[in-house]
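Colleague: Give me a 3D structure for the following:
(one chain, ligands or ions: 2)
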Amino acid sequence: MITFNHVTKRYNEEKTAVKDLNFTVEKGNIVVLLGPSGCGKTTLLRMVNRLESISEGNIVINEQDSMDLNAIELRRKVGYVIQSNGLFPNMTIEENVMIVPDLLGWTKKEKRERFDYLMKLIGLDPKIYRKRFPHELSGGQQQRIGVVRALAADPPVMLMDEPFGALDPIIREKIQDEFLQIQREVKKTILFVSHDIDEAIKMGDKIVLLRDGEIMQYDTPSEMLTHPKNEFVSQFFGKDRAIKSLSLHTVKNLQEVIGLAHIDDAIEDTKTINVNQDLRNTISMLLNQEADQVIVTDDQGERIGSITIDLVQKYLHFEIKGKLSVSQEG
Ligand SMILES: Nc1ncnc2c1ncn2[C@@H]1O[C@H](COP(=O)(O)OP(=O)(O)OP(=O)(O)O)[C@@H](O)[C@H]1O
Ligand SMILES: [Mg+2]
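Modeller: Ligands and ions are numbered 1, 2, ... in the order given. Predicted structure coming up:
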């Protein structure tokens with residue numbers, strides 16, 4: 001758990017970057033810091049591991065005031081992923097990943113086992129990559145190594161500053177999925193900076209939306225989309241809030257509310273989609289294949305029905321737009 005108590009950051013007399021912030025990141029949650037450039041996201045992150053001093057207030061990490069932690073404790077407790085992956089070019093992948101365990105005095109055997117475990121988590125063969133150098137890896141692989149390096153000493157808390165920002169959209173989505181998968185296993189408490197709305201909705205258990213160093217709203221993605229607290233929040237998420245919130249709903253949700261359509265066997269070559277896929281992916285699949293239906297399968301691969309654009313529109317109308325318009329009136 002990370003708690004921010006009345007945290008203020010003044011860089012100088014003119015510039016107060018963060019103003020009296022109060023919020024808590026629950027254990028095992030991902031909280032995304034979202035907001036326009038210069039709103040104070042990086043400053044907030046860097047105060048947690050004391051790369052920036054705190055002007056007023058305090059930050060409590062798992063019951064300990066961050067100011068009471070010494071450098072070693074801080075390294076053990078808090079992993080940090082910076083935007084450009086920050087790998088050292090003259091060190092091998094294993095040396096890069098093991099920087100913090102090295103500082104903490106782990107044995108060779110402990111380091112080797114940890115390296116093998118972490119590489120398997122991200123689907124890279126430890127034998128192949130151990131002695132390679134960063135430039136021999138693709139951008140996506142380097143970014144994965146950056147993430148794994150922050151996980152190396154198994155810290156309970158992770159700070160991630162736009163960790164996937166430099167990647168192209170397709171690889172980025174893949175790494176996001178992969179990271180969520182890893183998070184289900186490792187359950188870290190994570191502060192994750194992003195300026196990308198879609199990424200924030202996808203990755204965040206909750207989102208802190210900031211403007212000029214102040215919190216505009218702290219909520220779950222779905223609350224933020226359906227009940228924006230003020231004009232700034234609603235403007236920030238934009239007019240297509242309904243479409244964005246489709247990514248928070250799965251085919252299964254739709255099935256439970258309005259049911260699936262029957263499978264039309266007359267249509268050939270239809271694609272299939274798993275019932276746990278989100279509706280935004282479903283829509284793009286329907287549009288891309290220009291088909292009237294996509295077959296829905298359950299986890300056993302059984303065909304349980306089909307989904308059409310009409311159905312998604314109907315669901316959008318009842319489930320999502322309904323909520324959006326209620327919140328706008330209220
Ligand atoms: N060392 C510094 N001295 C003075 N002002 C600073 C310093 N670092 C940041 N600032 C200012 O503090 C404000 C917040 O900066 P910060 O880097 O935290 O924003 P950010 O939300 O991370 O932005 P971005 O999305 O561009 O990364 C900005 O107005 C910035 O210019
Ligand atoms: Mg920043």
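Colleague: So stretch 74-90, near ligand 1 or not?
Modeller: No - Stretch 74-90 is not in contact with ligand 1 by CB under 6 Å from any ligand atom; minimum separation 8.0 Å. The way it works is simple: take the backbone N, C-alpha and C, and place the C-beta from them, glycine included.
Colleague: Next, the buried residues of that stretch.
Modeller: Using 16 or more other CB atoms under 10 Å as the test for burial, stretch 74-90 gives 74-83, 85-87.
Colleague: so how far is it from its chain's centroid?
Modeller: 17 Å (CA atoms, centre = their mean, to the nearest Å).
Colleague: Next: stretch 208-227.
Modeller: In terms of CA atoms, centre = their mean, the gap separating the centre of stretch 208-227 from the centre of its chain is 15 Å.
Colleague: again, but for stretch 145-159
Modeller: Worked out by CA atoms, centre = their mean, stretch 145-159 lies 14 Å from the chain centre.
Colleague: Same check on stretch 285-299?
Modeller: Distance, stretch centre to chain centre, for stretch 285-299: 27 Å (CA atoms, centre = their mean).
Colleague: Kindly report the same for stretch 127-138.
Modeller: Stretch 127-138 has its C-alpha centroid displaced from the chain centroid by 26 Å (CA atoms, centre = their mean).
Colleague: Let's see which of the buried residues of stretch 74-90 end up in helices.
Modeller: Among those, the members falling in helices (DSSP state H) are Leu74, Arg75, Arg76, Lys77.
Colleague: Report the contact partners of the nearest residue to the third one once chain neighbours are set aside.
Modeller: Residue nearest to Arg76 in three dimensions, not counting chain neighbours: Ala153, with 5.8 Å by CB to CB, 6 or more residues apart in numbering. When contacts are counted by CB atoms under 8 Å, 6 or more residues apart in numbering, Ala153 is found next to Arg75, Arg76, Gly79, Val100, Pro101, Leu104.
Colleague: Can you find the helix or strand of this protein with the lowest average pLDDT?
Modeller: The weakest-scoring helix or strand in the chain, judged by mean pLDDT, DSSP states H and E, is helix 322-329 (a mean of 50).
Colleague: Now Phe23: which helix or strand?
Modeller: Phe23 belongs to strand 16-25 when assigned by DSSP states H and E.
Colleague: partner strands of that strand, parallel or antiparallel?
Modeller: Using DSSP bridges, the strands paired with strand 16-25 are strand 2-10 (antiparallel).
Colleague: what mean pLDDT would you report for the helix or strand where Gln141 lies?
Modeller: Here Gln141 sits within helix 139-151, counting by DSSP H and E. What helix 139-151 shows for mean pLDDT is 90.
Colleague: and the next element down the chain from it?
Modeller: Downstream of helix 139-151, the next assigned helix or strand under DSSP H and E is strand 157-161.
Colleague: and the angle for that following strand with strand 2-10?
Modeller: Relative orientation of strand 157-161 versus strand 2-10 (axes from the mean of the first three to the mean of the last three CA atoms, to 10 degrees): 40 degrees.
Colleague: Report the rounded mean pLDDT for strand 157-161.
Modeller: The average pLDDT within strand 157-161 is 95.
Colleague: got the CA positions of it in PDB?
Modeller: In PDB, the C-alpha atoms belonging to strand 157-161 read as follows (Å, rounded to 0.1, in the frame of the first residue of the first chain):
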ATOM      1  CA  VAL A 157       6.000  -1.800  -4.900                       C
ATOM      2  CA  MET A 158       6.600  -0.900  -8.500                       C
ATOM      3  CA  LEU A 159       6.900   2.600 -10.100                       C
ATOM      4  CA  MET A 160       6.500   2.600 -13.900                       C
ATOM      5  CA  ASP A 161       6.900   5.800 -15.900                       C
END
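Colleague: Pull out the buried positions in stretch 22-40.
Modeller: Those would be Val25, Asn29, Ile30, Val31, Val32, Leu33, Leu34, Gly35, Cys39, Gly40, for stretch 22-40 by 16+ other CB under 10 Å.
Colleague: residue contacts, Val296?
Modeller: Going by CB under 8 Å, 6+ apart, Val296 touches Val251, Gln255, Leu260, Thr272, Ile273, Asn274, Val275, Arg303, Ile304, Gly305, Ser306, Ile307.
Colleague: Cross these against strands and list the overlap.
Modeller: Judged by DSSP state E, strands contain the following of these: Thr272, Ile273, Asn274, Arg303, Ile304, Gly305, Ser306, Ile307.
Colleague: What about the fifth one, how many residues nearby?
Modeller: This points to Ile304. Residues near Ile304, counting by other CB atoms under 10 Å, number 15.
Colleague: So for it, what's the pLDDT?
Modeller: Predicted confidence (pLDDT) for Ile304: 94.
Colleague: That one contacts Ala261, correct?
Modeller: No - the pair Ile304 / Ala261 is not scored as a contact, 10.9 Å apart, by CB atoms under 8 Å.
Colleague: separation between Met98 and Phe179?
Modeller: Remark: distance between Met98 and Phe179 (CB to CB, to the nearest Å) = 20 Å.
Colleague: More neighbours: these two, which one.
Modeller: More crowded of Met98 and Phe179, by other CB under 10 Å: Met98, with 24 against 21.
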